[in-house]
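my questions concern the predicted model and sequence given below.
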Amino acid sequence: MRELLLCPVNFNEAAYFTNIYHRHHKAPQGYKFAIGCVKEGQLVGVVMVGRPVARTLDNGTTLEVTRLCTDGTRNASSFLYGAACRAAHSLGYKRLITYILKSETGVSLKAAGWKYVKVAGGGTWNRKDRPRTDKHPTEKKQLFEAVM
């Protein structure tokens, strides 16, 4: 069996892959960096990292994994979470966070050494004075972090 290898991907490549394979989100609007994962020469996953979505967490030393997406290849998710941590640390960041759905297990995050922090967020963006159609799951989220 061939091993997983990291590869560079630009925003358009990562967004395209995410738009095809992610179960419940489209690609984010921007990013700081992305990393790809290949097996036998085929792209099998991407991780996209950017500034924290929550303004209160955007302190200059924290980044957020805004999307992680694979085609289902075994161990690709934890491999990419680990790579994102190493890259963020190398760039001088102190903390990397991500949110997953409350219904997800977080096994890939735990395998990569991330720690569960708390249940957070969820709900709709729709408001009486600003109607919106939700295009994403509205269930509560789990916040995980990796502190470097």
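All right, it came through fine. Numbers count the residues shown, from 1 in each chain.

show me what the closest residue to Tyr93 other than its chain neighbours is bridged to.
Among residues not flanking Tyr93 along the chain, Leu63 sits closest, at 5.1 Å (CB to CB, 6 or more residues apart in numbering). All C-beta spots, glycine's among them, are computed from the backbone N, C-alpha and C. Leu63 forms beta bridges with Leu96, as assigned by DSSP bridges.

count of neighbours near Leu63?
27 (other CB atoms under 10 Å).

against Leu5, how distant is the closest residue to Trp125 other than its chain neighbours?
Using CB to CB, 6+ apart and skipping residues adjacent in sequence, the residue nearest Trp125 is Arg132, 4.9 Å away. For Arg132, the distance to Leu5 equals 40 Å [CB to CB, to the nearest Å].

compare neighbour counts for the two and give me the winner.
Between Arg132 and Leu5, counted using other CB under 10 Å, the more crowded position is Leu5 (13 against 9).

avg pLDDT for the host helix or strand of Leu43?
Secondary structure assignment for Leu43, by DSSP states H and E: strand 42-50. What strand 42-50 shows for mean pLDDT is 98.

which positions in it come out as buried?
Neighbour-count burial for strand 42-50, counted by 16 or more other CB atoms under 10 Å, picks out Leu43, Val44, Gly45, Val46, Val47, Met48, Val49, Gly50.

okay, those in TSV with distance to Val119 next?
Shown next, in TSV, are the buried residues of strand 42-50 (distance: CB to CB, whole Å):
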residue	distance to Val119
Leu43	33
Val44	30
Gly45	26
Val46	27
Val47	23
Met48	23
Val49	23
Gly50	22
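
quickly check the residues you listed for the two that are furthest apart.
Val44 and Gly50 (21.7 Å; CB to CB).

excluding chain neighbours, what is closest to Gln142?
That would be Ile100: by CB to CB, 6+ apart, it lies 5.2 Å from Gln142.

how about the residue nearest to Trp125, secondary structure?
Using DSSP: H, G, I helix; E, B strand; the rest coil as the criterion, the local structure at Arg132 reads coil.

can you point me to the longest helix in the protein?
Secondary structure of the chain per DSSP state H: the longest helix is helix 76-90.

what bridges to Val119?
Assigned bridge partners for Val119, using DSSP bridges, are Gln142.

mind pulling up the pLDDT for it?
pLDDT for Val119: 95.
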